[in-house]
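>>> task: produce atomic coordinates for the following.
(chains A and B)
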Number of protein chains: 2
Amino acid sequence: MSIKESDNFKNSGDYIQSLDRGLQVIQAFSQQDRSLTVSGVAKKTGLSRPTARRILLTLEHLGFAESENNAYSLTARTLSLGYAYLSSNNTWSLAHPFMREFVAKTEESCSISILDGTDVLYVARVSTKRIMSINLDVGSRLPAYATSMGHVLLAYLEEDELEKYMDAINFEQYTSKTITDKEQLRQVLAEVRERGWGGVDQQFEEGLRSIAVPLRNETGKVIAAINCSAHAGRTSKEMLREEFLPILKESAEKINQAIAATNTANLL
Amino acid sequence: MSIKESDNFKNSGDYIQSLDRGLQVIQAFSQQDRSLTVSGVAKKTGLSRPTARRILLTLEHLGFAESENNAYSLTARTLSLGYAYLSSNNTWSLAHPFMREFVAKTEESCSISILDGTDVLYVARVSTKRIMSINLDVGSRLPAYATSMGHVLLAYLEEDELEKYMDAINFEQYTSKTITDKEQLRQVLAEVRERGWGGVDQQFEEGLRSIAVPLRNETGKVIAAINCSAHAGRTSKEMLREEFLPILKESAEKINQAIAATNTANLL
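Sure thing, here's the model as predicted:
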């Protein structure tokens, strides 16, 4: 949606501003901001203090937030909101057995994400690590330009969609290897399209490398990306490319077939 | 919160009705209702059609919903809402390694839940099954009276809280074994309190049995329950009680210590 269309909707009688703001407040909480005061929420969201206060009181009343010494935090009931999506979408649950098979074969983690705005958004994850980093659980977001799944998702965008992304991009230098230049990113995406897979070596976080391939629906349209992420200290680039990439492609193919079978079945 | 307090808040200037309604609409979607028309949402939530329509249009505008042929469905962006809680709460992520250890030892699934209203709400889950039932993922809800974790959570409620629960309860006969009587439930809860663990044999679903023990914070207060759930055809009641219960108690003890260590560390 262009900025103009967006403004038009906001000026229409259909836009419910307080719902928009309430959802912004929920998303203001994070690992860094596990509890926030009214002022803290106001500052993070750009809302006025009285508005932030009313929203927090309403969320508390509804059981989505709780307060202690004037600091608010979210309650587990908030999970019900994300769960409404998960339970209403079985595409990613049907991918799970194939992801588990991949993890069993490679002993590396496997995730699926989609493009949401300028981020990749994790919709499924199977990890072998005993201590799962909560930062990479379902629902987490990473900047598309710095991740292998992001490269895959961007590489298969329609041209006008890619231009929109390029206009909206806001580069940040996460490591010395992060791509922070549009021209360089375009070259990488062309290569990803050419060879059919994406690979990132410590561009988002030191010590983390990953490869990714596209997932497609029954019409061949790329609808998500699946990756294998590994510790750089343990898994070399060659291992990822030569050993794990063929297995990842195989898993993707099985998931594509499962998606096609389900979607076709739904058409009957 | 009593019904009276609730009404008072709703009549105060602080209550934002449209936020309440918007969150209701998000939760109207489920596995059974993956896509809903304006009328469908109105019917499920009790809202008027014009109100339901405005909320759906606003959610679509914000990227939380999408529509096709007048039917709306949630988008993956909705996961961001639940993730805001998960990433802002690390209690359940610190339980993960111990849950994984339990699953490795027993080859059965392990979950943690809290009491939310009259439901148990899943906040963490580690499964050994290759095909993970999405119905029992983080964020799912089950009626407390029909589950082993529910029995544990109810057994350790303060008396007045238990009476509130009893007043609000709405029994449904899920299987021939489901408890559907308050007096019988009270007896079960007394037994759970007495022996320190809960067990349910196919009371919620045929073929599913589980055991559960409490998780406590550093003050000894029960804050959650952890369970082991198993297929009745594969795992006998004796196996659960004699083999898995001691391992589950051990895992719970380790998690309790980790919670205490973290909470105490936070106090410094």
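>>> so which residue of chain A comes closest to chain B?
Per CB to the nearest CB, A:G82 is where chain A lies closest to chain B, at 2.3 Å. C-betas here are computed from N, CA, C, even on glycine.
>>> just checking, that residue touches B:T75?
No. Assessed by CB atoms under 8 Å, A:G82 is found out of contact with B:T75, at 11.4 Å.
>>> so those two - more neighbours on which side?
A:G82 (27 against 19; other CB atoms under 10 Å in any protein chain shown).
>>> any idea how far A:S30 is from that one?
Distance of A:G82 to A:S30, given as CB to CB, to the nearest Å: 14 Å.
>>> check whether stretch A:198-215 contacts chain B.
No. Residues of stretch A:198-215 contacting chain B under CB under 8 Å from any CB of the partner chain: none, with a closest distance of 13.3 Å.
>>> averaged pLDDT, that stretch. What do you get?
The pLDDT scores in stretch A:198-215 average 92.
>>> mind listing what's buried in it?
Residues of stretch A:198-215 classed as buried: A:198-200, A:202-205, A:208-215 (neighbour count, 16 or more other CB atoms under 10 Å in any protein chain shown).
>>> which of those residues lies closest to B:G220?
A:E205 (39.1 Å; CB to CB).
>>> could you look up the SS state of the closest one?
The three-state assignment at A:E205 reads coil, by DSSP: H, G, I helix; E, B strand; the rest coil.
>>> do A:K10 as well
helix.
>>> in contact with it, which residues?
Listed by CB atoms under 8 Å, 6 or more residues apart in numbering or on different chains, the contact partners of A:K10 are A:17, B:61.
>>> domain parsing for chain A?
As recorded under automatic domain parsing, the domains making up chain A are A:3-78, A:89-267.
>>> give me the element the residue found closest to A:I16 once you drop the neighbours it is linked to in the chain is part of.
Excluding its sequence neighbours, the residue lying closest to A:I16 (CB to CB, 6 or more residues apart in numbering or on different chains) is B:T58, at 4.5 Å. Taking DSSP states H and E as the definition, B:T58 sits inside helix B:49-61.
>>> cool, A:V120 as well?
strand A:119-126.
>>> ok, which stretches of the stretch 51-200 of chain A are strands?
Applying DSSP state E, counting those that start in this stretch to the stretch 51-200 of chain A gives strands spanning A:65-68, A:71-74, A:109-116, A:119-126, A:141-143, A:198-201.
>>> by contact count, what packs against whatever helix or strand A:L23 lives in?
Assessed by DSSP H and E, A:L23 sits inside helix A:17-28. Helices and strands touching helix A:17-28, by 3 or more CB pairs under 8 Å, 6 or more residues apart in numbering or on different chains; DSSP states H and E, are helix A:38-45, helix A:49-61, helix B:17-28, helix B:49-61, helix B:79-88.
>>> confirm A:A212 sits in a strand?
Yes. Counting by three-state DSSP, A:A212 is located in a strand.
>>> my guess is it meets A:G198, correct?
Yes. Between A:A212 and A:G198 there is a contact under CB under 8 Å: 4.6 Å.
>>> residues shared between the contacts of these two?
With contacts defined as CB under 8 Å, 6+ apart, the residues shared by A:A212 and A:G198 are A:148-149, A:151-152, A:225.
>>> buried subset of these?
A:148-149, A:151-152, A:225.
>>> in a markdown table, list the residues you listed along with distance to chain B.
As requested, these are arranged in a markdown table below (distance: CB to the nearest CB, whole Å):
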| residue | distance to chain B |
| --- | --- |
| A:S148 | 18 |
| A:M149 | 13 |
| A:H151 | 19 |
| A:V152 | 16 |
| A:A225 | 13 |
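>>> nothing else from me, thank you.
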